[in-house]
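Engineer: give me coordinates for this.
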Amino acid sequence: MSRLRIVSVTLAGAVAVGLAASPVSHAQPAAAALTYTADGKMVFPKDYRTWVYLSSGMDMAYTDSPAMADHHMFDNVFVNREAYEVYQQTGTWPDKTIFMLEARMGQDRGSINKKGLFQAPLVMGREAHVKDTARFKSGWAFFPFNGGSASGPAQALPQTSQCNVCHEKHGAVDTTFVQFYPTLIGKAQEMKTMSAAYLAEEKGAAGAK
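Structural biologist: Got it, this is the predicted structure:
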């Protein structure tokens, strides 16, 4: 969702969670792509690239740590279509929403390209950001998948993980970083579903300029 941020083969950054004072939608998607194994691991959604594409970021980081000079990274975010359609009506996310973050290596030389970067075939990692209010205390959880063309089931990160905490603190809408999705932020503004924490943070940042 997260936007999310990946380092090496594991996803170290985040799609987003907010201490939301926003309305909660009780609408349900028509079909659920969310599946678990008997021991509670999330089954990898192999068709996620047919979902709704939200945005791509390049070399994004949520801390001031030094940039990785040896390579560049793109991250692409997709959301299941049923959840997207509910968001377009309500400005928030229904239960069983699934964001998929896919991180790919950035490449500068290839074919006829002489300037700028494009996304290489190499997938560095994937992560799901899932809303499942019956299963998770906060309502949301992160599932890091390994890179490659196929991935096995993934275990959810603890509810106290860095991803969860960051998203709860900074997410614009219902624990997600809608602020990084240019085609969604307008709907949140229209429906007034932005979290109080995010609005306060933005107000403070504007006042500091």
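Engineer: and the pLDDT at the residue of the chain positioned farthest from its centre?
Structural biologist: The outermost residue of the chain relative to its centre, with distances by CA atoms, centre = their mean, is Ile112 at 32.2 Å. Looking at Ile112, its pLDDT reads 71.
Engineer: can you point me to the longest strand in the chain?
Structural biologist: strand 118-131 (DSSP state E).
Engineer: can you show me the CA trace of that one as CSV?
Structural biologist: Included here for strand 118-131 are C-alpha records, laid out as CSV according to Å, rounded to 0.1, in the frame of the first residue of the first chain:
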residue,chain,number,x,y,z
PHE,A,118,13.2,2.6,-16.2
GLN,A,119,12.0,-0.4,-14.3
ALA,A,120,14.0,-3.5,-14.7
PRO,A,121,12.5,-7.0,-14.7
LEU,A,122,14.1,-7.9,-11.4
VAL,A,123,11.6,-7.8,-8.5
MET,A,124,13.3,-7.0,-5.2
GLY,A,125,10.3,-7.7,-3.0
ARG,A,126,6.6,-7.5,-2.5
GLU,A,127,4.4,-6.7,0.5
ALA,A,128,0.7,-6.8,1.1
HIS,A,129,-1.2,-4.3,3.4
VAL,A,130,-4.4,-5.9,4.3
LYS,A,131,-7.6,-4.7,6.1
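Engineer: give the buried residues for that strand.
Structural biologist: Gln119, Ala120, Val123, Met124, Gly125, Arg126, Glu127, Ala128, His129, Val130, Lys131 (16 or more other CB atoms under 10 Å). Glycine gets a C-beta too; all of them are placed from N, C-alpha and C.
Engineer: need the strands for this protein, in chain order.
Structural biologist: Using DSSP E, strands in the chain cover 52-58, 72-79, 98-107, 118-131, 140-145.
Engineer: what helices and strands are in contact with the longest strand of the chain?
Structural biologist: strand 72-79, strand 98-107, strand 140-145 (3 or more CB pairs under 8 Å, 6 or more residues apart in numbering; DSSP states H and E).
Engineer: please name the strands paired to it in the sheet, noting orientation.
Structural biologist: The strands that strand 118-131 pairs with in its sheet are strand 98-107 (antiparallel), strand 140-145 (antiparallel) (by DSSP bridges).
Engineer: what's the most buried one of those strands?
Structural biologist: When those are scored by mean count of other CB atoms under 10 Å, the highest mean neighbour count falls to strand 140-145 (a mean of 25).
Engineer: please compute how far that one lies from its chain's middle.
Structural biologist: 10 Å (CA atoms, centre = their mean, to the nearest Å).
Engineer: same question, stretch 173-192
Structural biologist: Taking mean C-alpha positions (CA atoms, centre = their mean), stretch 173-192 and its chain are 13 Å apart.
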